[in-house]
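J.: just the structure for this:
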Amino acid sequence: MTWPEKAELPPEGNGLPEQCQREAEALYRSGTHHCAEAVMEVIRRQFSPETPESVVGAVSGFGGGSGSGCICGAVSGGTVAIGMVVRDRKNTSHLTRALHNWFKETYGVTCCKTIRASNDKGICPKITGAVAGKITEMLTNHVKELQP
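T.: From the prediction side, this is the model:
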């Protein structure tokens, strides 16, 4: 299913977070990827291109709040994507906490069912893009911090 184009695209920026935001949103809207898959694919392409595309299938069950409507699939897929790139438990936990905190500050909750109950479906591609952009920003800053 392809989502309608009525939802606004993010402003045209030329930074990497904006690029990843647009790519994730476009993947979601194309109907080829749901929220978790789109976030995972964009982060894989940008930060871990050596990781096989088939890994994206590992998050297929997370769409729609893991089928139960609970935690947002973009956040779940993003959590896996962070671990795929960082590969260090302590730093992965730190970045995952930061992602969840940012998401709660931005959307109020991490529950897919709650978010969708008070918004139309057009919110999903926007959230997917926003999560991919935020993770890109976080990972870029993380890499900078590790450089001597």
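J.: correct me if wrong: residue 36 contacts residue 65.
T.: No: contact criterion CB atoms under 8 Å: residue 36 and residue 65 do not qualify, at 9.9 Å. (Each C-beta comes from the backbone N, C-alpha and C, glycine too.)
J.: which one of these two is surrounded by more residues?
T.: Set residue 36 next to residue 65 and count neighbours by other CB atoms under 10 Å: residue 36 wins out with 32 against 22.
J.: give me the common contacts of residue 36 and residue 65.
T.: Shared contacts of residue 36 and residue 65, defined by CB atoms under 8 Å, 6 or more residues apart in numbering, are found at residue 73.
J.: so what's residue 113 closest to, chain neighbours aside?
T.: Nearest residue to residue 113, sequence neighbours excluded (CB to CB, 6 or more residues apart in numbering): residue 69, at 3.3 Å.
J.: list the contacts of residue 76.
T.: Residue 76 neighbours (CB under 8 Å, 6+ apart): 36, 59, 62, 66.
J.: got phi/psi on it?
T.: For residue 76, the backbone dihedrals (degrees, to the nearest 10) come out as phi -60, psi -50.
J.: distance of it from residue 100?
T.: 10 Å (CB to CB, to the nearest Å).
J.: other residues contacting stretch 60-71?
T.: 34-37, 72-73, 76-77, 80, 110-113, 116.
J.: which of the residues you listed are buried?
T.: The neighbour count (16 or more other CB atoms under 10 Å) marks 34-37, 72-73, 76-77, 80, 110-112, 116 as buried among these.
J.: with distance to residue 45 added, can I get the residues you listed in a markdown table?
T.: Shown next, in a markdown table, are the buried ones among the contacts of stretch 60-71 (distance: CB to CB, whole Å):
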| residue | distance to residue 45 |
| --- | --- |
| 34 | 17 |
| 35 | 16 |
| 36 | 15 |
| 37 | 12 |
| 72 | 21 |
| 73 | 18 |
| 76 | 19 |
| 77 | 14 |
| 80 | 15 |
| 110 | 25 |
| 111 | 28 |
| 112 | 24 |
| 116 | 27 |
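J.: can you list which of those residues are found in strands?
T.: Within those, no residue falls in strands by DSSP state E.
J.: show me which pair in these is furthest apart.
T.: Taking CB to CB, the two most distant members of the buried ones among the contacts of stretch 60-71 are 80 and 116; they sit 21.3 Å apart.
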